[in-house]
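> pasting the sequence and the predicted model now:
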Amino acid sequence: MTTNAGNKTHPAPTPTRDETAHRHGHLNNETKPTQSDEKGDKMKLFGISLALCLLITPLLLGDVIGTGYVMSDVGLRSQPEVADSFVFILSKWDTVQIVEERDDWILVRREAKEGWIEEFSMRIIEITDPATIVQDSICGEIISSDYDRVTGITKTGMSEPLWIARDEDKGEGMAIHLFAQEVKFPVGVYSAISITIGIMGGGCIDDDDKAFILFRDGSRLELKNEGDFNCDGIFKYSLIPAFSSKGAERFKLLSSKEIEILRVWTSTGSVEEEFTPEQSKIVMTAIDCLSKY
């Protein structure tokens with residue numbers, strides 16, 4: 001190509017290598033993006049998106065105010081109403097996050113799913129040690145809660161009486177049943193463990209009759225019947241650890257030592273039964289578990 005300047009013809013200047021490179025975008029780092037560059041950009045976008053999700057999700061789902069687990073298979077509802085439909089089902093011992101408490105209902109979350117559960121169906125805990133879950137699982141094998149919809153009262157205790165000995169043909173036997181309860185005193189309300197001893201075919205029990213416990217290590221404990229006179233063979237005693245030093249000492253004995261022999265006095269004499277090591281451990285575990293309610 002040539003240019004005209006007046007009547008003279010001059011050849012067009014040849015572009016330098018730098019100018020040629022500049023026209024093709026290869027100068028001053030203006031290189032074409034490589035495959036690794038594109039991959040890096042995508043990773044950056046993914047990181048930004050993930051960060052936004054982590055920030056937004058808690059706002060959408062709500063803050064966690066606690067933890068807990070369910071004590072039986074139970075359905076979670078979309079609204080805090082008995083007539084509302086189930087969202088999904090939780091299995092016994094499933095742990096959940098607690099999002100909100102409203103009257104007798106708790107909004108819980110598990111695996112990004114939320115639903116309402118009635119308060120009596122679960123136990124609220126703070127999990128700080130894996131051993132907590134282990135101990136709570138052991139408690140769940142022998143302890144259960146029953147909710148009375150008429151009275152609105154939840155009764156927590158041993159799932160069934162522990163029979164120390166039983167002979168249905170002779171109509172004789174001894175059973176022990178433990179429940180958590182609250183005892184009111186003028187100075188306040190205290191948590192207690194109700195101990196009920198049932199004597200089958202043993203006669204009447206007066207309101208001042210006594211029960212004697214011999215532990216395997218040789219120590220002894222004496223309890224006085226706090227129930228009314230009855231001919232149903234029912235002996236009752238309330239164990240209140242926090243009310244007095246004597247109550248705390250009795251709780252320590254019953255929750256940490258194996259019972260060997262239990263003797264209860266009735267109108268016809270005394271009824272005595274020997275505990276197996278397994279039966280002793282069940283009583284110790286039940287007392288320890290109920291002390292947490």
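Now that the structure is in, tell me what you want to look at.

> where does the stretch 51-200 of the chain dip in pLDDT?
Applying pLDDT under 70 to the stretch 51-200 of the chain picks out residues 51-62, 71-72, 121-137.

> which residue ranges of it form strands?
Secondary structure of the stretch 51-200 of the chain (DSSP state E, counting those that start in this stretch): strands at 66-70, 74-77, 86-90, 95-102, 105-110, 113-118, 122-125, 143-148, 153-158, 162-167, 172-185, 188-200.

> how about those strands in a markdown table, adding mean neighbour count?
Every C-beta, even on glycine, is put in place using the N, C-alpha and C of the backbone. Formatted as a markdown table, these follow (neighbours: other CB atoms under 10 Å):
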| stretch | mean neighbour count |
| --- | --- |
| strand 66-70 | 19 |
| strand 74-77 | 19 |
| strand 86-90 | 14 |
| strand 95-102 | 17 |
| strand 105-110 | 20 |
| strand 113-118 | 19 |
| strand 122-125 | 18 |
| strand 143-148 | 15 |
| strand 153-158 | 17 |
| strand 162-167 | 15 |
| strand 172-185 | 17 |
| strand 188-200 | 18 |
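
> redo those strands as a markdown table? Include distance to residue 283.
Converted to a markdown table, the strands of the stretch 51-200 of the chain look like this (distance: least, CB to CB, whole Å):
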| stretch | distance to residue 283 |
| --- | --- |
| strand 66-70 | 24 |
| strand 74-77 | 28 |
| strand 86-90 | 30 |
| strand 95-102 | 28 |
| strand 105-110 | 31 |
| strand 113-118 | 30 |
| strand 122-125 | 21 |
| strand 143-148 | 12 |
| strand 153-158 | 9 |
| strand 162-167 | 7 |
| strand 172-185 | 7 |
| strand 188-200 | 9 |
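
> do you know which of these lies nearest residue 251?
With CB to CB as the criterion, residue 251 lies closest to strand 188-200 of the strands of the stretch 51-200 of the chain, at 7.7 Å.

> list the buried residues for the following helix or strand past the closest one?
Next along the chain after strand 188-200, taking DSSP states H and E as the criterion, comes strand 210-215. Using 16 or more other CB atoms under 10 Å as the test for burial, strand 210-215 gives 210, 211, 213, 214, 215.

> quick one: mean pLDDT for strand 210-215?
The average pLDDT within strand 210-215 is 97.

> how many degrees apart are the helix or strand following it and strand 210-215 in direction?
Sequence-wise, the next helix or strand downstream of strand 210-215 (DSSP H and E) is strand 220-224. Here strand 220-224 runs at an angle of 160 degrees relative to strand 210-215 (axes from the mean of the first three to the mean of the last three CA atoms, to 10 degrees).

> show me how far strand 220-224 is from its chain's centre.
Here the centre of strand 220-224 is set off from its chain's centre by 34 Å, with CA atoms, centre = their mean, to the nearest Å.

> past it, which element shows up next along the chain?
Counting by DSSP H and E, what follows strand 220-224 is strand 234-239.

> quickly note the distance from the nearest residue to residue 196 once chain neighbours are set aside to residue 291.
In this structure, residue 196 finds its nearest non-sequential neighbour in residue 177, 4.5 Å apart by CB to CB, 6 or more residues apart in numbering. From residue 177 across to residue 291, the span is 16 Å (CB to CB, to the nearest Å).
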